[in-house]
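Visitor: Here is a sequence with its predicted model. Questions after.
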Amino acid sequence: MEQKSAFITIIGRPNVGKSSLMNRILGQKIAIVSNKPQTTRTRIMGIHTLAETQLVFIDTPGFHKPKNELDRSMNKAVGDGMSDVDAAVLVIEAVTPFKLGEGEIPPAEAELMRELKKRNLKAVLAINKTDMLTQKEKLLKIISLYCGHFDFDAVVPVSAKTGDGTDSLISELKKFAKPSPHYFGDDDITDQPEKVMVAEMIREKLLRLLDKEVPHGTAVDIERFVERDTVSGEPIIEIEATIICEKDSHKRIIIGKNGTMLKKAGTLARRDIENFFGIKANLKLWVKVKEDWRNRQGLIHTLGLD
Ligand SMILES: Nc1nc2c(ncn2[C@@H]2O[C@H](COP(=O)(O)OP(=O)(O)OP(=O)(O)O)[C@@H](O)[C@H]2O)c(=O)[nH]1
Ligand SMILES: [Mg+2]
C-alpha cells in the first residue's frame with residue numbers, strides 16, 4: 001500500500017476547543033485543556049495514523065491581541081504553524097459572545113482567514129461546541145457568514161466534547177494527504193518530550209485551580225526527571241519541578257494556606273502523570289518568583305516557550 005501524509009495546522013481564537021478537538025481525534029490527551037483562554041503556549045504536534053495515511057496535526061496557541069513578549073511568541077507560533085503545511089483547520093465555536101448571526105466575525109478570525117488567503121492555504125472550517133447549540137438554524141447563518149469570507153474546502157460542525165462530527169472531519173482531512181513516506185512511526189502520537197508533557201500536566205492543574213492572572217503568569221520547569229527501580233523492584237519516575245510565577249503575592253496563592261493548594265495541584269498532576277506513563281510517580285514541587293518573566297526573552301527561551 002502506498003503511504004500518504006498530510007500536515008494539518010489547527011488554528012483559531014483562544015478557548016474555542018482546538019486542543020480538545022485534536023485530543024479527541026487522537027483518542028488520547030496530549031495537549032492540555034482548560035476553560036481559560038491562552039492555555040496552549042507552543043506548537044504541539046499530534047500524530048494520527050490510519051493504515052496508509054498519516055495525519056500530522058499542529059495544535060497552535062489561540063490567536064489573540066498580544067500584551068507581552070510571551071503573547072508575541074505565542075502568536076508567532078500560529079504563523080509558524082501555517083508554514084509548510086498541506087492544510088489548516090480553522091476552529092470556531094458555535095456559541096460565542098460575538099454576534100455571528102448578525103454578521104459580526106471576531107477580528108482574530110478575520111485576520112486568520114486573511115492569512116490563509118495570503119498563504120494560499122487550503123482550509124476546513126470546524127464549527128465546534130455544537131453540543132451547546134440550542135438553535136440549529138444558527139448553524140446555517142454561521143456557515144454562510146464564514147463562507148462569504150473564505151473559500152473553505154469543507155465545513156464540518158463538530159463537538160470535541162461528545163465526538164460528534166469528528167469522523168466527517170477526519171474524512172475531509174484525509175483528502176489533503178499526498179503520496180509520501182510517513183514522517184513518524186505509526187505508533188507515535190506526539191513530538192513532545194516526556195519532560196514537556198509533565199510540565200504541561202502540572203501547568204494544567206494550576207490553570208484549573210487558580211483564578212485570574214495567577215495561572216497565566218506561571219511556567220513550569222522540570223529540574224529532575226529520572227526513572228528508577230524501588231527496592232522492591234517496582235519502576236518509579238522521580239520528578240522535581242519548579243513553578244515559576246511573577247510576584248510574591250502569586251507565590252503565596254499558589255502555595256496556599258499551609259501548602260494546601262500546592263499539594264492539591266501536585267496530587268492531581270501526579271495522577272495524570274501515572275496514568276499517562278503507566279508507572280508510579282513521585283512528584284516534588286517548588287515555587288519561585290521571577291518578576292515579569294513574560295517580558296524577558298531570555299527566560300521565555302530558557303523555558304522553551306519561543
Ligand atoms: N461544551 C463543549 N465544550 C468544549 C468543547 N470543546 C472544548 N470545550 C471546552 O472549551 C474550553 C477550551 O478548550 P481548549 O481545548 O483548551 O481550547 P483551545 O482552543 O485549545 O484554547 P487555547 O489553547 O487557549 O487557545 C475547555 O473548557 C473545554 O472543555 C465542545 O465541543 N463542547
Ligand atoms: Mg489549546
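Guide: Noted; the coordinates are in hand. Numbering: from 1, shown residues only. Ligands and ions are numbered 1, 2, ... in the order given.

Visitor: Run through who's touching the lengthiest helix in the chain.
Guide: Across the chain, the longest stretch assigned as helix under DSSP state H is helix 260-277. Under the contact criterion CB atoms under 8 Å, 6 or more residues apart in numbering, helix 260-277 has outside partners 29, 194, 197-198, 201-202, 204-206, 208-210, 237, 239, 243, 253-256, 280-285, 287. No exception for glycine: its C-beta is placed from N, CA and C like everyone else's.

Visitor: swap in stretch 135-153?
Guide: So stretch 135-153 is contacted by 87, 90, 92, 94, 100-101, 103, 105, 110, 113, 116-117, 122-125, 127, 130, 133, 155, 157, 172, 175 (CB under 8 Å, 6+ apart).

Visitor: can you do 10 Å?
Guide: 87-90, 92-96, 100-105, 109-110, 112-114, 116-117, 121-127, 130, 133, 155, 157, 172-173, 175-176 (CB atoms under 10 Å, 6 or more residues apart in numbering).

Visitor: Name the SS class of His48, please.
Guide: State at His48, reduced to three classes by DSSP: H, G, I helix; E, B strand; the rest coil: strand.

Visitor: Spell out which parts of the protein neighbour ligand 2.
Guide: For the chain, the residues in contact with ligand 2 (CB under 5 Å from the ion) are Lys18, Ser19, Thr39, Thr40.

Visitor: What is the most widely separated pair among those residues?
Guide: Maximum pairwise distance among those (CB to CB): 9.3 Å, between Lys18 and Thr39.

Visitor: most surrounded residue in the residues of the chain next to ligand 2?
Guide: Lys18 (30 neighbours; other CB atoms under 10 Å).

Visitor: picking that back up, as CSV, the residues of the chain next to ligand 2 with secondary structure, pLDDT and distance to ligand 1 would be great.
Guide: Shown next, in CSV, are the residues of the chain next to ligand 2 (DSSP: H, G, I helix; E, B strand; the rest coil; pLDDT from 0 to 100; distance: CB to the nearest ligand atom, whole Å):
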residue, secondary structure, pLDDT, distance to ligand 1
Lys18, helix, 98, 4
Ser19, helix, 98, 3
Thr39, coil, 96, 4
Thr40, coil, 96, 3
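
Visitor: related to what we said a few turns ago, selecting buried members of the contacts of helix 260-277 in PyMOL, what would you type?
Guide: The PyMOL command for the buried members of the contacts of helix 260-277 (criterion: 16 or more other CB atoms under 10 Å) is given here:
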select buried, resi 29+197+198+201+202+204+205+206+208+209+210+237+239+243+253+254+255+281+283+285+287
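
Visitor: if you look at the contacts of helix 260-277, which of them are in strands?
Guide: Under the assignment DSSP state E, these contribute Ile237, Ile239, Ile243, Lys280, Ala281, Asn282, Leu283, Lys284, Leu285, Val287 to strands.

Visitor: Return the closest of the residues you listed with respect to Val226.
Guide: Using CB to CB, the ones in strands among the contacts of helix 260-277 come closest to Val226 at Ile237, 7.1 Å.

Visitor: For the closest one, list each beta-bridge partner.
Guide: Beta-bridge pairing for Ile237 (DSSP bridges): Glu227, Ala281.

Visitor: In contact with it, which residues?
Guide: Applying CB under 10 Å, 6+ apart, the residues near Ile237 are 194, 198, 224-228, 270, 273-274, 277, 279-283.

Visitor: Any figure for the gap between it and Arg203?
Guide: 18 Å (CB to CB, to the nearest Å).
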